[in-house]
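1. structure for this input, please:
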Amino acid sequence: MSPAHDASEAVLRLEGLRKSYNAGTPLEAEILHGLDMVLRRGELAALVGPSGSGKSTLLNVIGLLDFPSGGELYLLGQPTRLMNDEQLTHLRNASIGFVFQFHHLITAFTVLENVLMPLMIRSGKPKPADIERARELLKAVDLEGFMDKKANAISGGQQQRVAIARALITEPALLLADEPTGNLDTHTAETVFDLFRRFNREIGCAVLVVTHDSRLSASCERTINLVDGNIVSDQMNIPAPK
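-> Numbering: from 1, shown residues only. Just a heads-up that it's a prediction; the model follows:
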């Protein structure tokens, strides 16, 4: 697999993005205050900041799971704020992969079936090419021998690797990860994060990872720091010497 897209392509662009809750009432609270940000094809960026800074809110808006209150969010050049639910669902399913701290696998299904789930939701019974793609991804995350096991019969770190394969089965332009290593031990966390770096290089998808782990954020090429709903810094990281 190799990136077949222009590395300068803006996968995600935020322009003056705002998010409020209880809008128009005395309890209105603005969580995100006019954010501007661009994430390009092939970038691997960490989103960091203290608890309550708005990271999860921002990730939900970027993932088209919640609506901004103002400004605009462009995904693959398409303005999304005025899209209806059907349009947002189609764009989200076609363009975004999600990995969460808690992997949300379906325990009654096998590992292979869990990886195929996004395609099954999209178009029903998976095609032979889809099954082959899922097998390739599971081999890539070193789970080739676990495909027929039930999802609750494998370890937490293995489940998280299944979740990564599931997120990549649609070959998304944007991969969003919310504390994906938060409940893993240090060694397993590093293994999982290495997979993000690998697929970021091989597929060329843009990756945005929310993490509290400073070592993991430092290993990203870029760190975006969100404090009180404002981006206070957005800087490239200097790679550590080999």
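
2. quick one: low-confidence residue ranges for this structure.
-> Across the chain, the ranges flagged by pLDDT under 70 are 1-8, 103, 239-242.

3. how about the helices in it?
-> Counting by DSSP state H, the segments of the chain that form helices are 55-62, 85-95, 111-123, 128-140, 156-168, 186-203, 214-218.

4. give the buried residues for the last one.
-> Of the residues in helix 214-218, 216-217 count as buried by neighbour count, 16 or more other Cβ atoms under 10 Å. For the C-beta atoms, the positions are set from N, CA and C on the backbone; glycine is no exception.

5. what packs against that helix?
-> Identification of packing neighbours for helix 214-218 by 3 or more Cβ pairs under 8 Å, 6 or more residues apart in numbering; DSSP states H and E yields strand 44-48.

6. quick one: strands adjacent to the strand it packs on?
-> Sheet pairing for strand 44-48, assigned by DSSP bridges, gives strand 206-210 (parallel), strand 222-227 (parallel).

7. tell me which of the ones you listed is the most buried.
-> Compared across these, strand 206-210 shows the largest average neighbour count, a mean of 24 (mean count of other Cβ atoms under 10 Å).

8. for the spatially most central residue of the chain, list each beta-bridge partner.
-> With distances taken as Cα atoms, centre = their mean, the residue of the chain nearest its centroid is Leu176 (1.1 Å). When bridges are called by DSSP bridges, Leu176 pairs up with Phe98, Leu208.

9. I'd guessed it sits against Asn60; true?
-> No. Counting by Cβ atoms under 8 Å, Leu176 sits too far from Asn60 to count as a contact (9.4 Å).

10. hang on, isn't Leu35 packed against Ile231?
-> Yes. Taking contact to mean Cβ under 8 Å, the distance of 5.7 Å between Leu35 and Ile231 places them in contact.

11. mutual contacts of Leu176 and Asn60, please.
-> Taking Cβ atoms under 8 Å, 6 or more residues apart in numbering as the contact criterion, no residue touches both Leu176 and Asn60.

12. now do Asp142 against Val192, distance only.
-> Separation of Asp142 from Val192 (Cβ to Cβ, to the nearest Å) stands at 11 Å.

13. burial measure for Thr57, as a count.
-> Residue crowding around Thr57 was assessed by other Cβ atoms under 10 Å; the count is 18.

14. what's the neighbour count on the nearest residue to it once chain neighbours are set aside?
-> Ranked by Cβ to Cβ, 6 or more residues apart in numbering and with sequence neighbours excluded, the top spatial neighbour of Thr57 is Ile31, at 4.9 Å. Close neighbours of Ile31, defined as other Cβ under 10 Å, add up to 18.

15. do the same with Gly77
-> With neighbours defined by other Cβ under 10 Å, the count for Gly77 comes to 9.

16. i'd like the first residue to be 647 from this point on
-> In the new numbering, first residue 647, that becomes Gly723.

17. contact partners for it?
-> Taking Cβ under 8 Å, 6+ apart, one finds Ala656 in contact with Gly723.

18. and it, its phi and psi?
-> Here the main-chain torsion angles of Gly723 (degrees, to the nearest 10) amount to phi 80, psi 0.

19. how close does it sit to Leu693?
-> In this structure, Gly723 lies at 22 Å from Leu693, with Cβ to Cβ as the measure.

20. please name the residues that touch the residue nearest to Ala835 when sequence neighbours are not counted.
-> The spatially closest residue to Ala835, leaving aside those adjacent along the chain, is Thr827, at 3.6 Å (Cβ to Cβ, 6+ apart). Thr827 makes contact with 747, 806, 834-835, 838-839, 857, 859, 862 under the criterion Cβ under 8 Å, 6+ apart.
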